[in-house]
Structures are given as structure tokens and as C-alpha cells.
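Student: Provided below are the primary sequence and the corresponding predicted coordinates.
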Amino acid sequence: MPTYSGSGLEFISRAPEQTRRLGQRLGSLLAPGDVLALSGDLGAGKTTLVQGIAQGWGSTDAVSSPTFVLVNVYRRPDGSLLHHMDAYRMQNALEAEDLDIEEMLAGGALLVEWAERIQAALPKDCLHVDMAWVADEQRSMKFTPIGKRAEELAKEFKKLAFGG
């Protein structure tokens, strides 16, 4: 059962399929310019969540972690783009700035794994998703919106995913 605090939300996923379903609901709400800042150790479920987000957003592309290419781009039939960045190998926010985040947001939404490594390069208005390994099939997820659009997104997500 989810817990709410202010505009934030905490939840324990009990299976990878449940994490993907939550991602699908969140992905269906994304609009151009939205940023999801994903944090969590290896194995926390970030890529599993992104798989659901991309599917809910409308992409039929296969989702994989872009650790070595830095950014994967998923397309929707309407031409919209979903950018999936992995900041694990980046040393600082300056490296991320070279990737032209503003251009990515002009044509779509942005998902950033290991976002804490490049936080200074990200827009202030974003939905932070902190994930952690709890047990073999369980992952905790904490959704914290920062900014007006992120708060709207979190509110819509709560309603769609949990009915409240």
C-alpha cells in the first residue's frame, strides 16, 4: 500500500512486473519537457521501471540501459521522442551539458538514471524517483516532485496508479 507525504509518494513493489506496471502508468502521463530523475544502486530496478515508462508512453522500441552509449532514444508513432540517459559513467554535470539536455526536452521527455551524478545540469522542475533493493523481488520507490509541473505529474500519477 502506498504512503503519501505532501505531494510525495512511497511504495514497495513486490515484483518486476509490478514495477513495470507502475512505469506504464507514469509513462502514459509524460509530456514534452518532463524530466524523471532516477536514483538508486545497481539492481534497484531503475531500468525495469524505465521499460514500463517507455511502454506506457507509447514506444514499441526495446528498452535497455544506455550505460555505454549514454543516451537511448525511443520513438512513438507520432514522432515524439523519449530520451533515456544513463549518467553512471559521467564524472560531473559539465559532461551532461555537452549532451544538450535542452534540445532533448524540446522534442520529448527525459529519463535519467544515476541522476544524482549530474543534478546541476538537470532542470529544477523534475520528478525524483529514488529506488532501493529491499529483497529479491521487492524494491522501494520514493517519488518526490520538485516544481509545479512535477507536482502535477505526481498528483496525476497517484490518481492513476493508486486511485487517490
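Tutor: Looks like it arrived, so ask away.
Student: so what's the residue most central in space within the chain up against?
Tutor: The residue lying closest to the centre of the chain (CA atoms, centre = their mean) is Leu36, at 3.9 Å. Leu36 makes contact with Leu26, Leu30, Ile53, Ala109, Leu110, Leu111, Val112, Cys126, Leu127, Val129, according to CB atoms under 8 Å, 6 or more residues apart in numbering. C-beta here means a position set from N, CA and C on the backbone, and glycine is covered the same way.
Student: now with 6 Å?
Tutor: Leu111, Leu127, Val129 (CB atoms under 6 Å, 6 or more residues apart in numbering).
Student: Just these: which are in strands?
Tutor: Leu111, Leu127, Val129 (DSSP state E).
Student: Just the local confidence number for the second one, please.
Tutor: If I follow you right, that is Leu127. Predicted confidence (pLDDT) for Leu127: 96.
Student: Share the number of residues neighbouring it, please.
Tutor: 26 (other CB atoms under 10 Å).
Student: I figured Phe143 hits Leu9, correct?
Tutor: Yes - shown here, Phe143 and Leu9 form a contact pair, counting by CB atoms under 6 Å, at 4.4 Å.
Student: how close does Leu42 sit to Ala132?
Tutor: Separation of Leu42 from Ala132 (CB to CB, to the nearest Å): 11 Å.
Student: Which of these two has more residues huddled nearby?
Tutor: Set Leu42 next to Ala132 and count neighbours by other CB under 10 Å: Ala132 wins out with 16 against 8.
Student: Run through the bridge partners of the more buried one.
Tutor: Beta bridges link Ala132 to Ser140, judged by DSSP bridges.
Student: what about it, distance to Asp125?
Tutor: Counting by CB to CB - Ala132 and Asp125 are separated by 24 Å.
Student: Look up phi and psi at the nearest residue to Lys148 once chain neighbours are set aside.
Tutor: Closest residue in space to Lys148, ignoring its immediate chain neighbours: Asp125 at 6.5 Å, by CB to CB, 6 or more residues apart in numbering. Main-chain torsions, Asp125, degrees, to the nearest 10: phi -80, psi 100.
Student: Asp125 contacts Glu152, correct?
Tutor: No - counting by CB under 6 Å, Asp125 does not reach Glu152; the two are 9.9 Å apart.
Student: Now do the helices in this structure.
Tutor: Per DSSP state H, the chain carries helices over the ranges 16-27, 46-57, 93-97, 101-106, 148-162.
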